[in-house]
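Enquirer: coordinates for the following, if possible.
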Amino acid sequence: MLLREQRIQGHEWASALSEVRKYVYLIETPRATGTGFLLSPDIHGHFLAIATAFHTISQAHKWREPLKITHIASGKDVFLEYSDRFVFEDARKDIALIVVFNNRIEHQKQRLRSIPDDRVLREGVQIGWCGFPCVAPRILCFFTGYVSAWLPDEEAYLVDGVAINGVSGGPVFRLIDDEQPSLIGLVTEYRPNLSNGSPLPGVSLVRAISSISPLARLLREAEAAGQMESQAAVPAFSH
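Expert: Have a look, this model is predicted:
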């Protein structure tokens, strides 16, 4: 199902960013920084899941290094050792869920709403995203661009817009109907034009929110199986 186009003014983007920033986290590892956002708090209050690009945390995860996660709206941060977290990842799609127990980190009580999994944005539709670019690694920056194409085999959009180091994992959103932000996916990479052998401006790749659904389903299955009751109960399909 295709979503209709809508003209968006600058003040509307500013208002949307003010809402989205409540859900955004700065993710720091010994080697890299990136962006994440609250996908959803667990309905039973046991844990929450932060979505990000897997490459942001992949080396720290591999070498069992700590993660520093800062809730940007409150300024509160937490260091998570390997034993303090679960990670559900899809390396092929470059997405991950960092599962954190609720008493460890500041978070919103509700999730940021998202468009339905079966909805796809039209080419030419304007979207926005935010993150912590390497040129201003502790400042949440806003970006905007236009959908260039939908790649159904990759569950991703090509986007005419910038995504530099540190923005990976940032939430991508759209204003629909009542001018409230709706999550459509997350930034995973920038694809430069290499046709002449040197990097030239290219396009960003945004994974659709539907691509995260299988990881969220694994998380729900782990909870239903009683594997998420404590930090010591590590699911067989995580970590």
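
Enquirer: next helix or strand past the helix or strand of the chain with the lowest mean pLDDT?
Expert: When the helices and strands of the chain are compared on mean pLDDT, DSSP states H and E, strand 2-3 comes out lowest with a mean of 44. On the C-terminal side of strand 2-3, the nearest following helix or strand under DSSP states H and E is helix 10-20.

Enquirer: direction included, what does the helix or strand just after that next one pair up with?
Expert: Beyond helix 10-20 on the C-terminal side, the first helix or strand identified by DSSP H and E is strand 24-28. Taking DSSP bridges as the criterion, strand 24-28 pairs within the sheet with strand 33-41 (antiparallel), strand 67-71 (antiparallel).

Enquirer: alpha carbons only: can I get the first one in PDB?
Expert: Once side chains and other backbone atoms are set aside, the C-alpha atoms of strand 33-41 remain, and they are given as PDB (Å, rounded to 0.1, in the frame of the first residue of the first chain):
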ATOM      1  CA  THR A  33      29.800   5.700  17.700                       C
ATOM      2  CA  GLY A  34      26.400   5.500  16.300                       C
ATOM      3  CA  THR A  35      22.700   6.100  16.900                       C
ATOM      4  CA  GLY A  36      19.900   4.000  18.200                       C
ATOM      5  CA  PHE A  37      16.200   4.500  19.100                       C
ATOM      6  CA  LEU A  38      13.700   2.900  21.400                       C
ATOM      7  CA  LEU A  39      11.800   0.300  19.400                       C
ATOM      8  CA  SER A  40       9.500  -0.700  22.200                       C
ATOM      9  CA  PRO A  41       9.500  -1.100  26.000                       C
END
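
Enquirer: buried residues in it?
Expert: For strand 33-41, a neighbour-count test (16 or more other CB atoms under 10 Å) marks 33-41 as buried. C-betas here are computed from N, CA, C, even on glycine.

Enquirer: need the residues you listed in JSON lines (columns: pLDDT and distance to R174).
Expert: Supplementary listing: the buried residues of strand 33-41 in JSON lines, determined by pLDDT from 0 to 100; distance: CB to CB, whole Å:
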{"residue": "T33", "pLDDT": "95", "distance to R174": "26"}
{"residue": "G34", "pLDDT": "97", "distance to R174": "22"}
{"residue": "T35", "pLDDT": "98", "distance to R174": "18"}
{"residue": "G36", "pLDDT": "98", "distance to R174": "19"}
{"residue": "F37", "pLDDT": "97", "distance to R174": "15"}
{"residue": "L38", "pLDDT": "95", "distance to R174": "18"}
{"residue": "L39", "pLDDT": "91", "distance to R174": "17"}
{"residue": "S40", "pLDDT": "79", "distance to R174": "19"}
{"residue": "P41", "pLDDT": "76", "distance to R174": "23"}
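
Enquirer: start to end distance for stretch 122-135?
Expert: Counting by CA to CA, to the nearest Å, the length from the leading to the trailing residue of stretch 122-135 is 31 Å.

Enquirer: helices of this structure, residue ranges please.
Expert: With DSSP state H, the ranges of helices along the chain come out as 10-20, 54-62, 213-224.

Enquirer: how many residues are close by the spatially closest residue to S210 that is not a sequence neighbour?
Expert: Taking CB to CB, 6 or more residues apart in numbering as the measure, S210 lies nearest to D117, with 3.9 Å between them; neighbours along the chain are not counted. Other residues near D117 number 13, with proximity taken as other CB atoms under 10 Å.
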